[in-house]
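Enquirer: generate coordinates for the sequence data below:
(2 chains)
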Number of protein chains: 2
Amino acid sequence: MRAAVMRGRTLAVEDVAAPIPGPGQVLVQTLACGICGSDLHMLQHAGTLAEATRASGAPFLVDFDQGIVMGHEFSGRVLALGPGAAGVTPGDVVVSMPVMLTPDGPVTVGYSNHYPGGYGERMVLLAAFCLKVPEGLDPRLAALTEPMAVGRHAVARSGIGPGEAAAVLGCGPIGLAVIAWLRLAGIQPIVAADFSPKRRELAARLGAGHVVDPRQEGAVEAWTRLDGQRPLVIFEAVGARGMIDAAMRAAPRLARLCVVGVCLETDEIWPIVGVNKELTVQFALGYTLEEFAGTLDTIASGELDVAPLITAEVGIAGVPDAFAALASPDEQVKILVRPELG
Amino acid sequence: MRAAVMRGRTLAVEDVAAPIPGPGQVLVQTLACGICGSDLHMLQHAGTLAEATRASGAPFLVDFDQGIVMGHEFSGRVLALGPGAAGVTPGDVVVSMPVMLTPDGPVTVGYSNHYPGGYGERMVLLAAFCLKVPEGLDPRLAALTEPMAVGRHAVARSGIGPGEAAAVLGCGPIGLAVIAWLRLAGIQPIVAADFSPKRRELAARLGAGHVVDPRQEGAVEAWTRLDGQRPLVIFEAVGARGMIDAAMRAAPRLARLCVVGVCLETDEIWPIVGVNKELTVQFALGYTLEEFAGTLDTIASGELDVAPLITAEVGIAGVPDAFAALASPDEQVKILVRPELG
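Expert: Reported below is the predicted structural model:
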């Protein structure tokens, strides 16, 4: 099959063997797959990611030189069932958490030498994790279930509730997902900050009542001006060095900081600032199966319109250029890979 | 009056003017005052503390050259009442939160050029904050209300509850206070770690079921061996650089880290480790009036025996040496200053 393959720090289109569905697995044809910021990190800092994963006490079994087909935000059409696979039938359009259960433990589809992700024409998925895309929902929108579920989970983990305010730092796909779920949770005000006018516009469209350019006014500063009373939850969705420290310094007393952006490098904080204000820093990752399924339903119902996030679509041949475009994210938000485009 | 006065980075016994009680204030004779780790920090890193306070958005109005009488863990005997002061009478033995309300905002008694703390013979306190020490409670034990309240507050802020386990890093007075309140909350197991055999012995006495020397086994490692099942709350009560990072790396998935040790310097963390494990880092400071009053009651009732924490008593003349002794805390835990000792 054709796939955009990462080897070391390069990404190139190759012909590779299509995966074969094992017991309980299904073979799917990739219909759409979003390019995630984590994949950009992976390409740039694979060694750091491996080290960090091990420092977190988990094994990291990927061999970077052997070739990886990334892509974990996907929808696909079921082509064939492996032995014992049940619950789906060929022809079904499905999404799935990008998780494969193996004798060595859970493996992320798209971050594995053995389970290629959606930057290739074919994937194998666990039948038990496949969710049928409801009739009438465009598979391209269904592919956004995964990043939207990340936002849903972060909002849930933050514990934000009625009467509390939110400031969202960074309006990439995850920041935008957070904003969308905050809106659905009825949170007001929602203040969002991003350097990019395009992303600020999307933030407003997805539910941020107030958007600021941090060169002019910080999100917390804007909250102070607009509200300043409600308990504040700050969502850090940039994932760059210094953002946690900056958020801690900007935070009001007793604020909660939910870190959903992923900074792979070590970072500096000033603990006494956290102590003086009694801050809470809550790190969030991933989602539960329920959150993932609920996100698909919310997109399908039309309550969560993810179409505006898709700023470009490319074939497999376009993946390397798409990565380059996302490295300077002024214009692009979510680029979808659609193998059928070539 | 005689007092141990901090000027710049030196501490020396001087004769200084006794404070005069203003409206709503009372003049007290210091009976006992604990030496706190924060005071050691203050003497070593006063400039950093000032900078950090300002970075936290609070004013810092202390002039280090003008002289400060530190000491904020005290008990005293009421000598005289300022205009309008009510609720106490001369002769009463009292404790108080070390907070003075001024037109410029709240000021900490003992961290102020105008409100000397308990390393001097006299203090002025706010009558409204004075709590009478119950009949029969030794004023020396009552002086430990303040540090014990810090531990109580940290345990409350951590949200730890039945069915959860605790690991306490550092068994100085604050770590020991945390252990004591964890025991009173019925938390099991409580694992505590400290390099000092003396402090480990006290940790066991105050309620840690398991004490470890981190050179041999980490507290989280010991919890893994002993329990490994219950959700874990880690209390960081060392307050040195690298402790937050070490705790984050050692922590199991979904652990909560309550930072009650005060590290004045900037510190390095690895955010991805927090993300991978979805950790929560909760910074804790101080206590509420209710927590302070409740702590006094708990000490008075005998439920919380603080006597073992007091490892030495000195007069004002002994304060500089006591600071030196606490800098290498193998033997000392809480040193009480008792002006009557000379």
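Enquirer: what comes into contact with the host helix or strand of A:A203?
Expert: Using DSSP states H and E, A:A203 sits within helix A:197-206. Contact partners of helix A:197-206, identified using CB atoms under 8 Å, 6 or more residues apart in numbering or on different chains, comprise A:168, A:171-172, A:175-176, A:179-180, A:183, A:192, A:194, A:211-213, A:308-309, A:311, A:329-331, A:333. Any C-beta I mention is one placed from the backbone N, CA and C, and that applies to glycine too.
Enquirer: which helix or strand lies directly C-terminal to it?
Expert: Beyond helix A:197-206 toward the C-terminal end (DSSP H and E), the next one is strand A:210-212.
Enquirer: is the helix or strand just after that next one up against chain B anywhere?
Expert: Following strand A:210-212 in sequence order, the next helix or strand is helix A:219-226 (DSSP H and E). No. Helix A:219-226 lies out of reach of chain B by CB under 8 Å from any CB of the partner chain, never closer than 10.4 Å.
Enquirer: ditto for stretch A:151-165
Expert: Yes. Stretch A:151-165 lies within reach of chain B by CB under 8 Å from any CB, at A:R157.
Enquirer: ditto for stretch A:250-262
Expert: Yes. Against chain B, stretch A:250-262 shows contacts by CB under 8 Å from any CB at A:252-253, A:259, A:262.
Enquirer: mind putting those in CSV, pLDDT and secondary structure included?
Expert: Shown next, in CSV, are these (pLDDT from 0 to 100; DSSP: H, G, I helix; E, B strand; the rest coil):
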residue, pLDDT, secondary structure
A:P252, 97, coil
A:R253, 96, coil
A:V259, 98, strand
A:V262, 87, coil
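Enquirer: who does the strand or helix carrying A:S38 touch, helix- and strand-wise?
Expert: In the assignment (DSSP H and E), A:S38 maps to helix A:37-55. Contacts defined by 3 or more CB pairs under 8 Å, 6 or more residues apart in numbering or on different chains; DSSP states H and E place helix A:37-55 against strand A:2-7, helix A:319-327, helix B:271-277.
Enquirer: around chain B, pick out the residues from the stretch 201-342 of chain A.
Expert: In this structure, the stretch 201-342 of chain A approaches chain B at residues A:244, A:249, A:252-253, A:259, A:262-264, A:266-285, judged by CB under 8 Å from any CB.
Enquirer: what sits opposite the closest residue in space to A:C36 that isn't next to it in sequence in the beta ladder?
Expert: Once flanking residues are discounted, A:C36 sits nearest to A:E73: 5.7 Å by CB to CB, 6 or more residues apart in numbering or on different chains. A:E73 forms beta bridges with A:G34, as assigned by DSSP bridges.
Enquirer: A:E73 and A:L144 touch, don't they?
Expert: Yes. Using CB atoms under 8 Å, A:E73 is in contact with A:L144, at 6.8 Å.
Enquirer: mutual contacts of those two, please.
Expert: Common neighbours of A:E73 and A:L144, counting by CB under 8 Å, 6+ apart, are A:G34.
Enquirer: now the two most distant members of the residues of stretch A:250-262 next to chain B.
Expert: Within these, two members stand farthest from each other by CB to CB: A:R253 and A:V262, at 27.2 Å.
Enquirer: measure the residue in the stretch 101-250 of chain A positioned nearest to chain B to A:I272 for me?
Expert: Using CB to the nearest CB, A:R249 is the residue of the stretch 101-250 of chain A that sits closest to chain B, at 5.7 Å. A:R249 sits 11 Å away from A:I272, going by CB to CB, to the nearest Å.
Enquirer: overlap of the contact sets of these two?
Expert: With contacts defined as CB under 8 Å, 6+ apart, the residues adjacent to both A:R249 and A:I272 are B:S56.
Enquirer: which of the two has more residues huddled nearby?
Expert: Taking neighbours as other CB atoms under 10 Å in any protein chain shown, A:R249 and A:I272 compare with A:I272 leading, 27 against 17.
Enquirer: contact partners for the more buried one?
Expert: So A:I272 contacts B:48-49, B:52, B:56, B:262-264 (CB under 8 Å, 6+ apart).
Enquirer: returning to what we had before: backbone phi and psi for the residue of the stretch 101-250 of chain A closest to chain B, please?
Expert: Per-residue torsions, A:R249: phi -70, psi -40 (degrees, to the nearest 10).
Enquirer: tell me the contacts of it?
Expert: A:R249 touches A:270, A:273, B:55-56, counting by CB under 8 Å, 6+ apart.
Enquirer: what sits against the nearest residue to A:L341 once chain neighbours are set aside?
Expert: Closest residue to A:L341 apart from its sequence neighbours, by CB to CB, 6+ apart: A:G315 at 3.5 Å. Contact analysis of A:G315 by CB under 8 Å, 6+ apart lists A:337-342.
Enquirer: which of the helices or strands spans A:M100?
Expert: strand A:99-102.
Enquirer: now the helix or strand that that strand is followed by: buried residues?
Expert: Tracing the chain past strand A:99-102, the next element assigned as helix or strand by DSSP H and E is strand A:105-108. Within strand A:105-108, the residues scored as buried using 16 or more other CB atoms under 10 Å in any protein chain shown are A:107-108.
Enquirer: now strand A:105-108: mean pLDDT?
Expert: On average, the pLDDT along strand A:105-108 is 90.
Enquirer: helices and strands around it, which ones?
Expert: Partner elements for strand A:105-108 (3+ CB pairs under 8 Å, 6+ apart): strand A:99-102.
Enquirer: partner strands of the strand it packs on, parallel or antiparallel?
Expert: strand A:105-108 (antiparallel).
Enquirer: let's see the following helix or strand past the strand it pairs with as PDB, backbone CA atoms only.
Expert: Scanning forward in sequence from strand A:105-108 by DSSP H and E, the next helix or strand is strand A:122-126. C-alpha atoms of strand A:122-126 as PDB (Å, rounded to 0.1, in the frame of the first residue of the first chain):
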ATOM      1  CA  ARG A 122      -4.900   0.600   5.000                       C
ATOM      2  CA  MET A 123      -5.000   0.100   8.800                       C
ATOM      3  CA  VAL A 124      -5.900  -2.700  11.100                       C
ATOM      4  CA  LEU A 125      -8.000  -1.800  14.100                       C
ATOM      5  CA  LEU A 126      -9.500  -3.600  17.000                       C
END
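Enquirer: tell me how far strand A:122-126 lies from the chain's centre.
Expert: The chain centre lies 19 Å from the centre of strand A:122-126; the measure is CA atoms, centre = their mean, to the nearest Å.
Enquirer: by how many degrees do it and strand A:2-7 diverge?
Expert: With axes from the mean of the first three to the mean of the last three CA atoms, to 10 degrees applied, the angle from strand A:122-126 to strand A:2-7 works out at 80 degrees.
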